[in-house]
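Enquirer: Prediction below, plus the sequence it came from.
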Amino acid sequence: MVLASSTTSILSMLLLLLMLFHWGLQASINMLNCRDIAKEIKEKLPDSELNNTDQRAILMNRTLQRVNLYEFLKSQEVFDPENKTDIKSKLQKLKCCLPESVNDSKLSGVYNEDKEDFQKKLRFYVIQLYDLPPVLTSRLSRHTSGSVTSNPGTEEC
């Protein structure tokens, strides 16, 4: 399974590079350390323990990781609209770390009742992500009539 996954990753990267060359695009390719992002989020949250066994099971379910991430992004907007905890951009970066699933829209993830509940569950959730491997990301720019245009905010996974 690991061999197939790494072969797929290598083939995907080669295809990306071939497309970039063909379209005249340049890419700045970086490694995104998913484990470090998860740790940074955890450090911004208060120490707390999640004791609800059902909620722990939902947060540990690998199939629901991406669904739960989107629920945390929505809850972050509600419970911390001014982004005082400075976790919004880190949560968005985690999208690159988690595999997409065809069933994401059909699955229901974690429900956050209030800010304290959100923080407890998010802390437990990001600890479950410590084993995520680093991923390659790229920022794309295109040559246009001798100049390079760049979209610094456009990060591709």
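Expert: It's in. Numbers count the residues shown, from 1 in each chain.

Enquirer: Please parse the protein into its domains.
Expert: Here the domain parsing of the chain from automatic domain parsing is 1-28+136-157, 34-133.

Enquirer: most packed of those domains?
Expert: domain 34-133 (a mean of 16; mean count of other C-beta atoms under 10 Å). No exception for glycine: its C-beta is placed from N, CA and C like everyone else's.

Enquirer: so how far is that one from its chain's centroid?
Expert: Centre-to-centre, domain 34-133 and its host chain are 10 Å apart (C-alpha atoms, centre = their mean, to the nearest Å).

Enquirer: Tell me where the chain is predicted with low confidence.
Expert: 1-6, 8, 16, 19-27, 102-105, 139-157 (pLDDT under 70).

Enquirer: swap the cut-off to 50 and go again
Expert: The chain contains residues with pLDDT under 50 at 1-3, 143, 145-154.

Enquirer: Which stretches in it count as strands?
Expert: Along the chain, the segments classed as strands by DSSP state E run 25-32, 135-144, 147-156.
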